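**Q** got a predicted structure plus its sequence, pasted below:
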Amino acid sequence: MRRREVSILLGAAMTPSTVWPFAAHTQQKATPVLGYLGAGTPGAFAQFVAAFREGLSETGYVEGQNLTIDYRWSEGLYDRLPAFAADLVGRKVDVIVADADPAAYAAKNATSTIPIVFVFGADPVRQGLVASLAQPGGNLTGVSFLTAELVAKRFELLSELVPQAKTVAVLFGPTITNSMRTMPADVQEAARVKGVQLLIVKASSESEIDAAFAAVVQQQAGALLVSPNPFLFSRREQIAALALHLSVPAISSGREFAMAGGLISYGTPFTPVARQVGIYAGKVLKGARPADLPVVQPTTFELVINLKTARALGLTIPPSILSRADEVIE
């Protein structure tokens, strides 16, 4: 049951847009072409692509009618992304949409002229993607999750849910940035204060996920924190099933994890983010400059609890957590 609606702040007011030099080139085409650079799989991200198309339609663009979308999916193999990005640049697409951090890096490295609208989990300013959130500068803008801060919140929720856990495993997926290979300092400090050991496990394939869970069981970790990652998101059903089968309480970022059978999730709803990316892409296609479109930061996060999974794990969700839930799956 859903307890309250989810909203997202669309950022600061946008300044009047000026037309990019490529706008005239866009207008000469019968149909503009948008390049979609996906870090995951089309099946796992289908609902988000649908929300992205919805955002595009709000600006007047409908795929197959007055817009062509050229999709490139890495299937979780991030080393494919640079070649895919270069191919889209070679096609002279009018805008590139990058749906995750590795895709955003690949797009940025491929072009400094074609506009890019991204979804980014780390701090895009600190990672050098944009000059600032309010005035991105250059050819990139989009939505930033700032997931490092949310990882700490997830750890606190997991500690509250399973206070007896002396070891908490953290599952990392494949990544190309050092900032997403290590635990945030506040999580390490929280673990130290609580006397909890952190067990880092990694996976970049289906078989490696199985191996990671084997390590979690062998090291007797009492809970699992699944880090935000396109590959891990694509494998959410496998992860949720393993966690349930091996009796490991697990938390992840998106509500889709809880919907797939995971115990609990906390994070930014991705569907409105995808819709906002579609709106931004449509504005750019109409001639707006990414430099003038502030990077959006979500201000609302949702907590989803799967009570069916909790019962199967023999867990009682504390009232303090249940009272804060936005949605409870029964």
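**A** Cool, got the structure.

**Q** for the chain, what spans make up the strands?
**A** 33-38, 68-73, 95-98, 116-120, 140-144, 167-172, 197-202, 223-226, 250-252, 264-267, 302-306, 327-329 (DSSP state E).

**Q** quick one: the ones you listed as TSV, columns for distance to residue 89, mean neighbour count and mean pLDDT too.
**A** The way it works is simple: take the backbone N, C-alpha and C, and place the C-beta from them, glycine included. Shown next, in TSV, are the strands of the chain (distance: least, Cβ to Cβ, whole Å; neighbours: other Cβ atoms under 10 Å; pLDDT from 0 to 100):
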stretch	distance to residue 89	mean neighbour count	mean pLDDT
strand 33-38	8	24	97
strand 68-73	11	18	97
strand 95-98	8	28	98
strand 116-120	10	27	95
strand 140-144	14	27	95
strand 167-172	30	22	94
strand 197-202	31	16	93
strand 223-226	33	26	95
strand 250-252	33	29	96
strand 264-267	32	25	94
strand 302-306	36	24	96
strand 327-329	41	18	96
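
**Q** let's have these in a markdown table, adding distance to residue 126.
**A** Below are those laid out as a markdown table (distance: least, Cβ to Cβ, whole Å):
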| stretch | distance to residue 126 |
| --- | --- |
| strand 33-38 | 22 |
| strand 68-73 | 27 |
| strand 95-98 | 18 |
| strand 116-120 | 11 |
| strand 140-144 | 10 |
| strand 167-172 | 19 |
| strand 197-202 | 22 |
| strand 223-226 | 22 |
| strand 250-252 | 24 |
| strand 264-267 | 20 |
| strand 302-306 | 25 |
| strand 327-329 | 32 |
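
**Q** out of those strands, nearest to residue 84?
**A** When the strands of the chain are compared by Cβ to Cβ, strand 68-73 sits nearest residue 84, at 3.8 Å.

**Q** pLDDT below threshold where in this structure?
**A** 1-29, 146-149, 176-184 (pLDDT under 70).

**Q** all helices of the stretch 1-150 of the chain, in order?
**A** Applying DSSP state H, counting those that start in this stretch to the stretch 1-150 of the chain gives helices spanning 23-28, 46-58, 81-90, 101-110, 147-161.

**Q** can you tell me which of the ones you listed is most buried?
**A** Across those, averaging neighbours per residue (mean count of other Cβ atoms under 10 Å) puts helix 101-110 on top, at a mean of 25.

**Q** name the helices or strands packed onto it?
**A** Here helix 101-110 touches strand 33-38, helix 81-90, strand 95-98, strand 116-120, strand 140-144, going by 3 or more Cβ pairs under 8 Å, 6 or more residues apart in numbering; DSSP states H and E.

**Q** please export the C-alpha coordinates of that helix as CSV.
**A** Coordinates of the C-alpha atoms in helix 101-110 are reproduced here as CSV (Å, rounded to 0.1, in the frame of the first residue of the first chain):
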residue,chain,number,x,y,z
ASP,A,101,27.7,7.2,-14.1
PRO,A,102,29.8,5.0,-16.4
ALA,A,103,27.7,6.1,-19.4
ALA,A,104,28.0,9.8,-18.4
TYR,A,105,31.8,9.4,-18.3
ALA,A,106,31.9,7.7,-21.6
ALA,A,107,29.7,10.4,-23.2
LYS,A,108,31.8,13.2,-21.7
ASN,A,109,35.0,11.7,-23.0
ALA,A,110,33.5,11.2,-26.5
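
**Q** can you give me how far it is from the chain middle?
**A** Distance of helix 101-110 from its chain centroid, counting by Cα atoms, centre = their mean, to the nearest Å, is 15 Å.

**Q** angle of that helix against strand 116-120?
**A** Helix 101-110 and strand 116-120 are oriented at 150 degrees to each other (axes from the mean of the first three to the mean of the last three Cα atoms, to 10 degrees).

**Q** ok, what's across the strand from residue 71?
**A** In this entry, residue 71 is beta-bridged to residue 36, by DSSP bridges.

**Q** next up, the contacts around it.
**A** Shown in contact with residue 71 (Cβ atoms under 8 Å, 6 or more residues apart in numbering): 36, 38, 42.

**Q** for residue 299, give its distance to residue 268.
**A** With distances taken as Cβ to Cβ, to the nearest Å, residue 299 is found 9 Å from residue 268.

**Q** neighbour count: those two, which is higher?
**A** residue 268 (27 against 11; other Cβ atoms under 10 Å).

**Q** list phi and psi for the nearest residue to that one once chain neighbours are set aside.
**A** Computed as Cβ to Cβ, 6 or more residues apart in numbering, the closest residue to residue 268 that is not its neighbour in sequence is residue 298, at 4.3 Å. Backbone geometry at residue 298, expressed as degrees, to the nearest 10, gives phi -60, psi 140.
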